[in-house]
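# Only the shape, not the letters, is given here:
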């Protein structure tokens, strides 16, 4: 009988421990409250605690965060090159995840609810294309609905930008039914060449190579391919 009571006690302690450290795995939606402002945010965590955070109102999707388990729950961190680390530090209670938030020059709180992740509106495909000896690496965001899509090539600002700079733009086009090609500018990421020594004509030809890549695809409407430019890309695109 004493053994049975002991076993029950151990079982109760184990259950309480699991409840206190409820899993973070899943899709979460909620808000950050900071200095009178509300930012919408989404968190996706897999079983191995790989975590991506989307700041919806800042149009910044799928940012990787490291996850540490703590006495109170979980601590999500994302170091910043110029500034303090972005931190979610809180606990999970059933289908709620809440706690303290800090980063981007201020402190606040966050509150999340476990939810069903929406079905994706697009898929991504890694692509390679060439302009002479320069090899350009990119990502094509393709809408899931429809067979033949209009498309756009997104050109860069003057910095040696990688494709991730324009991922949120590409996502918005794809969600609207327009395929979007984003790529590492020559000399950046996985693309070869040198950005600083390139002429405007060289950079324009890089974009043209992207247009040519799209025009050869059966899932792209070759008569409906556009070019969108950001900053310096506003000169390159025309």
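The structure has been received and is ready for your questions. Small disclaimer: the values here were computed from a predicted structure and weren't measured.

# Can you name the residues that contact the spatially most central residue of the chain?
Nearest to the mean C-alpha position of the chain, counting by C-alpha atoms, centre = their mean, stands residue 62 at 2.2 Å. Residue 62 makes contact with 44, 52, 53, 54, 167, according to C-beta atoms under 8 Å, 6 or more residues apart in numbering. The way it works is simple: take the backbone N, C-alpha and C, and place the C-beta from them, glycine included.

# ditto for residue 202
The neighbours of residue 202, taking C-beta under 8 Å, 6+ apart as the test, are 131, 134, 186.

# Look up the residues forming beta bridges with the first one.
Each beta-bridge partner of residue 131 is listed here: residue 134, as defined by DSSP bridges.

# Quick check: the residue nearest to the centre of the chain vs residue 111, distance?
Using C-beta to C-beta, to the nearest Å, residue 62 is found at 21 Å from residue 111.

# Now do the helices in this protein.
Using DSSP state H, the helices of the chain run over 2-20, 167-175, 200-215, 233-236.

# Any regions of this protein where pLDDT drops low?
Applying pLDDT under 70 to the chain picks out residues 1-22.

# how about 80 then?
Where the chain drops to pLDDT under 80, the residues are 1-22, 59.

# ranges for the strands of this structure?
Listed in chain order, the strands found in the chain under DSSP state E are 26-34, 37-45, 51-55, 60-69, 74-80, 83-93, 96-103, 106-115, 122-131, 134-143, 149-155, 179-183, 220-229.

# out of those strands, which comes closest to residue 209?
Among the strands of the chain, the nearest to residue 209 by C-beta to C-beta is strand 122-131 (4.3 Å).

# mind listing what's buried in the closest one?
Residues 122, 127, 129, 131 are the ones in strand 122-131 that count as buried (16 or more other C-beta atoms under 10 Å).

# Please verify my assumption that the second one contacts residue 141.
No: in this structure, residue 127 sits apart from residue 141 without contact. The criterion is C-beta atoms under 8 Å, and the distance is 10.6 Å.

# Touching both of those two, which residues are there?
The contact sets of residue 127 and residue 141 overlap at residue 181 (C-beta under 8 Å, 6+ apart).

# Just the buried ones among the contacts of residue 62, please.
Buried, going by 16+ other C-beta under 10 Å: 53, 54, 167, out of the contacts of residue 62.

# For residue 128, give me its contacts.
So residue 128 contacts 135, 136, 137, 138 (C-beta under 8 Å, 6+ apart).

# at 6 Å what do you get?
Contact analysis of residue 128 by C-beta atoms under 6 Å, 6 or more residues apart in numbering lists residue 137.

# One more: residue 54?
Shown in contact with residue 54 (C-beta under 6 Å, 6+ apart): 42, 61, 62.

# okay, now residue 116: neighbour count?
8 (other C-beta atoms under 10 Å).

# cool, and residue 47?
Close neighbours of residue 47, defined as other C-beta under 10 Å, add up to 9.

# Give me the nearest residue to it, chain neighbours excluded.
What sits nearest to residue 47 in space, not counting adjacent residues and going by C-beta to C-beta, 6 or more residues apart in numbering, is residue 25, at 5.5 Å.

# Relative to residue 142, how far out is that neighbour?
Going from residue 25 to residue 142 by C-beta to C-beta gives 28 Å.

# Residue 97 now?
Residue 97 is 32 Å from residue 142, where distance means C-beta to C-beta.

# Please say which of the two ends up with more neighbours.
Taking other C-beta under 10 Å, residue 97 and residue 142 do not tie; residue 97 has more neighbours (25 against 19).

# For beta bridges, what are the partners of the more buried one?
Bridge pairing for residue 97 (DSSP bridges) gives the partners residue 92, residue 112.
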